[in-house]
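Trainee: output the structure for:
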Amino acid sequence: MKKYFNLFDLKQKVNYKSEVLSGLTVAMALIPEAVAFALIAGLSPLTGLYAAFIMGIVTAIFGGRPGMISGATGAIAVVFFGLVTTLKQLNPSITTDEITQYIFATVILAGIIQIIAGVLKLGKFMRLVPQPVIFGFVNGLAVVIFMSQLGQFTTDSTNPDAPWMQGNDLLLFGGLVLLAMLIIWGLPKITKVIPAALTAILVIFALVYFLDISTTTVGDIASIEGGFPPLSIPNLPLNWETFKLILPYSAIVAGVGLIESLLTLNIIDEITQTRGRGNKEAVAQGTANILSGFLSGMGGCAMIGQSLINISSGARARLSGIVAAIMLLVFIMFGSSLIEKLPMAALTGLMIMVAIGTFEWASFRTFNRMPKSDVFVMVAVTIITVLLHNLALAVLLGVIISALVFSWDNAKRIRARKHIDENGVKHYEIYGPLFFGSIGVFNEKFDVKNDPKEVIIDFAESRVVDMSAIEALNKVTERYKKAGKKVVLKHLSKDCSRLLKNAEKIIDINVLEDPTYKLISDKLS
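Mentor: You can find the predicted model right below:
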């Protein structure tokens, strides 16, 4: 029973001061992000804030990575922007409330998909993501975080067409941002008693408040005043048409959420030198999204920026995430008037420092040592992430490019050593994997016309990987048969033998000294 209900590692040493202060810092940083992402999707700011609370509290308690922060994210908001556009095209007169109901239903279905993925243990496939893809993802995300803060240097950050600040306004706002960045950079070199990020927020707040400095505050973006997240069962037609409409977007939300969450989990694993549980995190993310949909939230996933703030502030346990979520709700219900006075300059400086810290600067030093293909993959993923803001697509394309490069490199490695023994039998000793990518080079190794009457093809140093390779063997033996020559295949596995037996009636095949490795084929399942 302990295996299932031991939610907290009671043996873990917890620095309660660091956990509480880190959680408080994260709660403040969550507010502008959640509000901004809700506005991107065309929703009420409270929809994003409620999602941040629900996602945060559920994943902090039940998630697979202590210290990781979840909430409303830009990647999810972009997906909802596409859904909103589709709904308006189908029904130009649709109201904002009706759109919100579709989004809630989409989030709930996405949560169900994520739970299924966790139960089926699909999180293990994150191991297939190569390091260059992770580098590209992290670097692209750092650029996106940085670019998202540039809007704060306009006269109205909620309006994408607003002009840039000028004159004294720009100098004042920029000066406060630089001061916040300086505190976050310099304070840890002096003392680590309190988190540098929280100190920066409090110092900038004190300067603005006591010196009566006129600058942008959280309240200028939107009001965050509200109550406890209200129960909201999606009010929309429960029919096949609705399901077909939201299913593709639910699948994308689920995929984006899992990819971003599991990659964030891997990054924190590297920083803390510990190992999280990806499948447990997937179930927690799904549960949180389902509850978010029923409690007026827009859903979300892990937030790498806030997670890095939390980890860099010294948090390592679940307590920091719980504190962050609860304090966010307290701010919404009781402290909105105070939080709305927080200067955006402090939060902007904090997020820019997060972007700087997120970027893998060490990746530049590896350019001369990494294979050119890996450099290409890293740069491609970074560019896709920055241009499309679609993290799932960037990672997926990165994995596909890496797989193609791997296949191409292995396709070139197949070789054949040739010799004729004292009995006049020609031997082909094959080296390297035989699979769909290498069969072209493999076929070119044989001189059927000029070979003697008997030929032995030895696979002792090779592996027949897939059905394309089996088909290549069938074609080679068929070519020798048509030339009236006998071919013997050595060191093939039993799986290969089973698939080659179908050709025994027309081709004289002898399989000697078989190894025991397995072949990838649906015919064997």
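Trainee: helix, strand or coil for the closest residue in space to residue 411 that isn't next to it in sequence?
Mentor: Distances taken as CB to CB, 6 or more residues apart in numbering place residue 437 nearest to residue 411, at 3.6 Å, with adjacent residues excluded. C-beta: built from backbone N, CA, C; applies to glycine. Following DSSP: H, G, I helix; E, B strand; the rest coil, the label given to residue 437 is coil.
Trainee: the one 10 residues further on now?
Mentor: For residue 447, the assignment made with three-state DSSP gives coil.
Trainee: go on, residue 315?
Mentor: coil.
Trainee: was I right about it contacting residue 18?
Mentor: Yes - using CB atoms under 8 Å, residue 315 is in contact with residue 18, at 6.0 Å.
Trainee: which one of those two is surrounded by more residues?
Mentor: The residue with more neighbours, out of residue 315 and residue 18, is residue 315; 31 against 21, by other CB atoms under 10 Å.
Trainee: contacting residues around that one?
Mentor: 18, 19, 22, 23, 67, 321 (CB atoms under 8 Å, 6 or more residues apart in numbering).
Trainee: residue contacts, the closest residue to the first one other than its chain neighbours?
Mentor: Pointing back at residue 18 there. Among residues not flanking residue 18 along the chain, residue 314 sits closest, at 3.7 Å (CB to CB, 6+ apart). When contacts are counted by CB under 8 Å, 6+ apart, residue 314 touches 15, 18, 22, 192, 195.
Trainee: now distance to residue 185 and secondary structure too, for those residues, in a markdown table please.
Mentor: Converted to a markdown table, the contacts of residue 314 look like this (distance: CB to CB, whole Å; DSSP: H, G, I helix; E, B strand; the rest coil):
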| residue | distance to residue 185 | secondary structure |
| --- | --- | --- |
| 15 | 22 | coil |
| 18 | 19 | helix |
| 22 | 18 | helix |
| 192 | 13 | coil |
| 195 | 13 | coil |
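Trainee: that older thread, and the furthest pair within the contacts of residue 315?
Mentor: 18 and 321 (13.0 Å; CB to CB).
Trainee: looking at the chain, which helix is longest?
Mentor: Determined from DSSP state H, the single longest helix within the chain is helix 240-272.
Trainee: so what does that one touch, helix or strand wise?
Mentor: helix 74-90, helix 96-119, helix 131-150, helix 278-294, strand 301-302, helix 304-312, helix 391-411 (3 or more CB pairs under 8 Å, 6 or more residues apart in numbering; DSSP states H and E).
Trainee: go through that helix and flag the buried ones.
Mentor: Neighbour-count burial for helix 240-272 flags 245-246, 249-250, 252-268 (criterion: 16 or more other CB atoms under 10 Å).
Trainee: could you check the angle it makes with helix 304-312?
Mentor: Comparing the axes of helix 240-272 and helix 304-312 via axes from the mean of the first three to the mean of the last three CA atoms, to 10 degrees yields an angle of 30 degrees.
Trainee: check the model's average confidence along helix 240-272 for me.
Mentor: Averaging pLDDT along helix 240-272 yields 90.
Trainee: could you do stretch 351-367 as well?
Mentor: pLDDT averaged over stretch 351-367 gives 81.
Trainee: what's the end-to-end length of that stretch?
Mentor: For stretch 351-367, the first-to-last residue distance is 27 Å (CA to CA, to the nearest Å).
Trainee: touching that stretch from outside, list them.
Mentor: 29, 33, 135, 138-139, 141-143, 145-146, 148-149, 177, 180-181, 184-185, 197, 304-305, 308-309, 312, 375, 378.
Trainee: for residue 257, which non-adjacent residue is spatially closest?
Mentor: residue 301 (3.5 Å).
Trainee: show me where the stretch 401-525 of the chain dips below the pLDDT cut-off.
Mentor: The stretch 401-525 of the chain contains residues with pLDDT under 70 at 493-525.
Trainee: tell me where it has helices.
Mentor: Taking DSSP state H, counting those that start in this stretch, the helices of the stretch 401-525 of the chain run over residues 439-443, 467-482, 494-500.
Trainee: in the first one, what's buried?
Mentor: Of the residues in helix 439-443, those buried by neighbour count under the rule 16+ other CB under 10 Å are 439, 441, 442.
Trainee: about what we covered before: want to throw the helices of the stretch 401-525 of the chain into a markdown table with distance to residue 342?
Mentor: Compiled in a markdown table, the helices of the stretch 401-525 of the chain are given as follows (distance: least, CB to CB, whole Å):
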| stretch | distance to residue 342 |
| --- | --- |
| helix 439-443 | 63 |
| helix 467-482 | 60 |
| helix 494-500 | 64 |
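Trainee: of all these, which lies closest to residue 395?
Mentor: helix 467-482 (26.9 Å).
Trainee: just the buried residues of the longest strand seen in the chain, please?
Mentor: If you go by DSSP state E, the chain has its longest strand at strand 454-464. Across strand 454-464, burial judged by 16+ other CB under 10 Å covers 455, 456, 457, 458, 459, 462, 463, 464.
Trainee: repeat that for stretch 466-476.
Mentor: 466, 467, 469, 470, 472, 473, 474, 476.
Trainee: need the max-distance pair from the residues you listed.
Mentor: 466 and 476, at 15.8 Å, using CB to CB across these.
Trainee: look at residue 43 and tell me its secondary structure.
Mentor: coil.
Trainee: how near is the residue nearest to it when sequence neighbours are not counted to residue 27?
Mentor: The shortest distance from residue 43 to any non-neighbouring residue, by CB to CB, 6+ apart, is to residue 298 (5.8 Å). Distance of residue 298 to residue 27, given as CB to CB, to the nearest Å: 18 Å.
Trainee: out of those two, which sits in the busier spot?
Mentor: residue 298 (33 against 25).
Trainee: for that one, which residues are in contact?
Mentor: 37-38, 41, 43, 47-48, 50-51, 72, 76-77, 80, 103, 107, 292.
Trainee: cutoff 6 Å now
Mentor: By CB atoms under 6 Å, 6 or more residues apart in numbering, the contact list for residue 298 reads 43, 47, 48, 51, 72.
Trainee: before we move on, what SS does it have?
Mentor: coil.
Trainee: distance of it from residue 103?
Mentor: Taken as CB to CB, the span from residue 298 to residue 103 is 6 Å.
Trainee: over to residue 206?
Mentor: From residue 206 over to residue 103 (counting by CB to CB), the distance is 39 Å.
Trainee: please say which of those two ends up with more neighbours.
Mentor: residue 103 (26 against 11).
Trainee: make a markdown table out of the buried residues of strand 454-464 and add distance to residue 404.
Mentor: Converted to a markdown table, these look like this (distance: CB to CB, whole Å):
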| residue | distance to residue 404 |
| --- | --- |
| 455 | 33 |
| 456 | 34 |
| 457 | 28 |
| 458 | 30 |
| 459 | 25 |
| 462 | 22 |
| 463 | 20 |
| 464 | 21 |
